[in-house]
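# quick one, what's the 3D model for this:
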Amino acid sequence: MQVLLLRPVPRNERFGLGPFFRIEPLGMEYVAAALEAAGHTVTLADLRFTRSVEHQIRACRPQVVGVACMHALETDEARALVEQVRRLSPRAVVVLGGHAAAAFPEAFFDSSVDVIVLDDGERAMPATVAAIERGRTLTEVPGIVVRTRDGFVRTADPGPSVSLDVVPVPSRRHVEGWRRQYACLAHRPTFLIETARGCPFRCSFCSVWQMYDRQFRERSIEAVCRDTAEVGDHVFIADDLFWHHGARSEALATELIRRGLRKQWVLVQSRVDTVARQPALLERWRPFAREFDVFFGLEAPSDDGLTRLSKDTTVERMREGIRVAREVGLGVTGNFVIDPAWGEHEFERLWAFVAQERLWQVGFTILTPLPGTAYFTGMQPQLRAREWAQFDMHHLLWEPALGAERFFELYCETWRRSVLNLRGQKRWWHWLREVEIRNAWFLVQALRRSQKMLDPRHYLAEHRLAPSPGFPKPAGQVTDTAAPVKTRRAPQAASASPT
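Okay, the predicted model is just below:
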């Protein structure tokens, strides 16, 4: 069959680190590879960089259109894209997938989407397309939600999670026409690699472990090596928890280096306690890249703050992990979560911690209940968002304890004390001397856009809350053809990433 896969255009580049992170749609590339292995013809269009939807549909004439919704902030754009596809290609079956769609399919129950994928996309999408091709009833396909005349129906449990080696390496050829657009900080083009999926920890604000039931799956070393050999010199490893399985990680590092598969720059994501207890493993990985950065979910500068977020670590372990990473020669970056319940004392404590640990390359996001988490379920009656774009972790979804004006003053001061302070300790030329000449203009543009993060007026102009709580409003109902199932997301790039 003719299948068109579409990546919508999100609105996440106004604030936060969006200007610095434009990442390839790795999950869609895996789905494309799975569909092609099943004999289907696939066109993948990242609408951030390609020609219009109208052009894609005219050129492809698809029988099935897959739309990705990777993050909650993209929900409105994904819904609008579904409606546009329905108008342009009324006979095509429209399938919605991605992390946000699987985490909270209810957000799409009043749209004209035909299928919402809950299971891993590499398995569910080929099964769905095969059912369409053979004229089978879609409610027979496990791990999806199907729109019927009687409403939305959740199908049977698909069974054990799919092995990550079932599908071939991602079909990256689909994005080569705009490869240079994919960037991470000053590194362009940046390639994404996934060596493992899932996380066994239980951070309250994260939906990954809840969707995967705290499972952790790994790709074979051979598959990872083959994928690594095909990508360029700047790599973001999209695993939610790198170095988790020490013995396997050491074996992977050994084989990559034995094959001479070394890179110019690599970024991985991990936990401070995972790093703190394995300095020898980090030493083994260090030769893999000339520049090797690690992104930590630091989250809070105090033990009580870490406990409230169910982080299952301590500030002392955080300090130890930072120290170990630096001693090995890794660049340390990361993120803190700022709670709208904070007073001025909590902001001052954060500033002191950042200064003491010399954390000049960290980000700060506002605590946001993401769909798919128990935190979202508990907070849903209090949310006063007007649209899904406000779930970008740089908007307030309810009134903060300090009031919006004072909160944003302190929030912007937090950014001014960190990596983006171009009028402070880090000037333009400090950035540019670390960048390849060909990427300098891209970095300058990103830094100019990011300066809005230092001005509370820009946040206040965006601070529009609904007059009454409760978001989103109920859209529809879902019934089950079998017992309730545990949802699993379609694959994506780095759900816990800075994006």
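# quick one: residues contacting residue 390.
Residues in contact with residue 390 (Cβ atoms under 8 Å, 6 or more residues apart in numbering) are 73, 397. Placement of C-beta: from N, CA and C, glycine included.
# start at 9, not 1
Got it, first residue is 9 now, which makes that one residue 398.
# pLDDT score for it?
Residue 398 carries a pLDDT score of 93 in this model.
# and for residue 447?
59.
# repeat for the one 5 residues further on
Residue 452 is assigned a pLDDT of 58 by the prediction.
# what do you get for the one 10 residues further on?
According to the model's per-residue confidence, residue 462 sits at a pLDDT of 79.
# pretty sure it sits against residue 420.
Yes - look at residue 462 against residue 420 with Cβ atoms under 8 Å: they come within range, at 5.3 Å.
# could you pull up the mean pLDDT of stretch 110-127?
pLDDT averaged over stretch 110-127 gives 93.
# could you tell me the end-to-end distance of that stretch?
When the termini of stretch 110-127 are compared using Cα to Cα, to the nearest Å, they are 8 Å apart.
# list the buried residues of stretch 168-181.
Residues of stretch 168-181 classed as buried by neighbour count (16 or more other Cβ atoms under 10 Å): 169-170, 172, 175, 177-180.
# kindly reformat the residues you listed as TSV containing distance to residue 346 and pLDDT.
Output for those, formatted as TSV (distance: Cβ to Cβ, whole Å; pLDDT from 0 to 100):
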residue	distance to residue 346	pLDDT
169	34	87
170	37	86
172	34	89
175	39	82
177	38	91
178	35	96
179	39	96
180	36	96
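# pLDDT weak spots in the stretch 9-158 of the chain?
20-27 (pLDDT under 70).
# switch to 90 and redo it
18-30, 118-120 (pLDDT under 90).
# chain center to stretch 232-248: distance?
17 Å (Cα atoms, centre = their mean, to the nearest Å).
# residues in contact with that stretch: which ones?
31, 34, 177-178, 180, 192, 195-207, 216, 260, 263-264, 267, 269, 271-277, 297, 501-505.
# apply 6 Å and report the result again.
Residues outside stretch 232-248 that contact it (Cβ atoms under 6 Å, 6 or more residues apart in numbering) are 177, 192, 195, 198-204, 207, 216, 263, 269, 271-276, 501-502, 504.
# any idea of the pLDDT on residue 301?
According to the prediction, residue 301 has pLDDT 96.
# before we move on, the earlier item: now, the contacts of stretch 232-248 that are in helices?
216, 263 (DSSP state H).
# and the contacts of stretch 232-248, which are buried?
By 16+ other Cβ under 10 Å, the contacts of stretch 232-248 give 177, 192, 195, 198-204, 207, 216, 269, 271, 273-276, 501-502, 504 as buried.
# among the residues you listed, which lie within strands?
192, 199-201, 204, 271, 273-276 (DSSP state E).
# okay, the residues you listed in TSV with distance to residue 322 and pLDDT next?
Output for these, formatted as TSV (distance: Cβ to Cβ, whole Å; pLDDT from 0 to 100):
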residue	distance to residue 322	pLDDT
192	30	87
199	35	97
200	32	97
201	31	97
204	25	94
271	33	97
273	31	96
274	28	97
275	25	97
276	22	97
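# farthest pair within those residues?
204 and 273 (20.4 Å; Cβ to Cβ).
# show me what contacts the closest residue to residue 228 other than its chain neighbours?
Nearest non-adjacent residue to residue 228, counting by Cβ to Cβ, 6 or more residues apart in numbering: residue 173, 5.0 Å away. Residue 173 sits next to 227-228, 231 when contact means Cβ under 6 Å, 6+ apart.
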